[in-house]
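1. got a sequence here, can you build the structure:
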Amino acid sequence: MRLLLVFLIGALFGTGIALSGMANPAKVLNFFDFAGSFDPSLAFVMAGALSVAAPGYAILFRMREKPLFDQSFRLPKAKAIDARLIGGSAVFGIGWGIAGFCPGASIPALGLGHASAAIFVAALLVGVLIARRLAKADFFADLSRSG
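-> Presented below is the predicted three-dimensional model:
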């Protein structure tokens with residue numbers, strides 16, 4: 001049952017990304033092109049998602065003590081704004097601005113046959129592997145201490 005629910009939620013998310021046009025990297029990149037072919041639709045998609053998700057989470061956390069298929073909600077405990085958070089955010093933003101994909105939208109784009117999505121996902125996986133190696137070597141802790 002859990003896998004079926006995960007599949008259905010992923011399919012709903014992917015359908016939303018595809019229907020909104022956010023699987024098209026040109027549409028996303030046009031959002032950042034203020035001097036040229038600016039397209040504000042990404043802001044409307046984000047606002048629509050937040051207008052549904054924020055009240056949904058508020059209601060969910062009031063109604064339930066734990067999720068259906070786990071022992072507890074897994075919420076971030078860290079509150080600090082450190083070098084690791086800033087660096088990760090910068091890498092995410094730079095990658096998004098260069099490629100026109102965020103990790104979430106790249107998967108539905110693969111299903112739509114965007115060849116550039118395959119390159120992005122491959123680069124994403126390499127980046128994840130590098131970040132895990134750096135984390136094992138305690139690189140990020142050293143970076144935070146020096147900053």
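
2. from here on, contacts and neighbour counts on C-alpha atoms
-> Will do.

3. tell me the buried residues in stretch 66-85?
-> A83, R84 (16 or more other C-alpha atoms under 10 Å).

4. ok now that stretch, how far from the chain's centre?
-> The gap between where stretch 66-85 is centred and where its chain is centred comes out at 15 Å by C-alpha atoms, centre = their mean, to the nearest Å.

5. helix, strand, or coil at L4?
-> In terms of secondary structure, L4 is helix; the call rests on DSSP: H, G, I helix; E, B strand; the rest coil.

6. what separation do you get for it and G10?
-> As defined by C-alpha to C-alpha, to the nearest Å, L4 lies at a distance of 10 Å from G10.

7. look at these two and report which has more neighbours.
-> G10 (15 against 9; other C-alpha atoms under 10 Å).

8. tell me the buried residues in the helix or strand encompassing the more buried one?
-> Assigned by DSSP states H and E, G10 belongs to helix 2-20. Applying a neighbour-count criterion of 16+ other C-alpha under 10 Å, the buried positions in helix 2-20 are G14, G16, I17, A18.

9. any chance of a markdown table for those residues, columns distance to V121 and pLDDT?
-> Formatted as a markdown table, the entries for the buried residues of helix 2-20 read as follows, by distance: C-alpha to C-alpha, whole Å; pLDDT from 0 to 100:
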| residue | distance to V121 | pLDDT |
| --- | --- | --- |
| G14 | 15 | 90 |
| G16 | 19 | 90 |
| I17 | 16 | 89 |
| A18 | 17 | 89 |
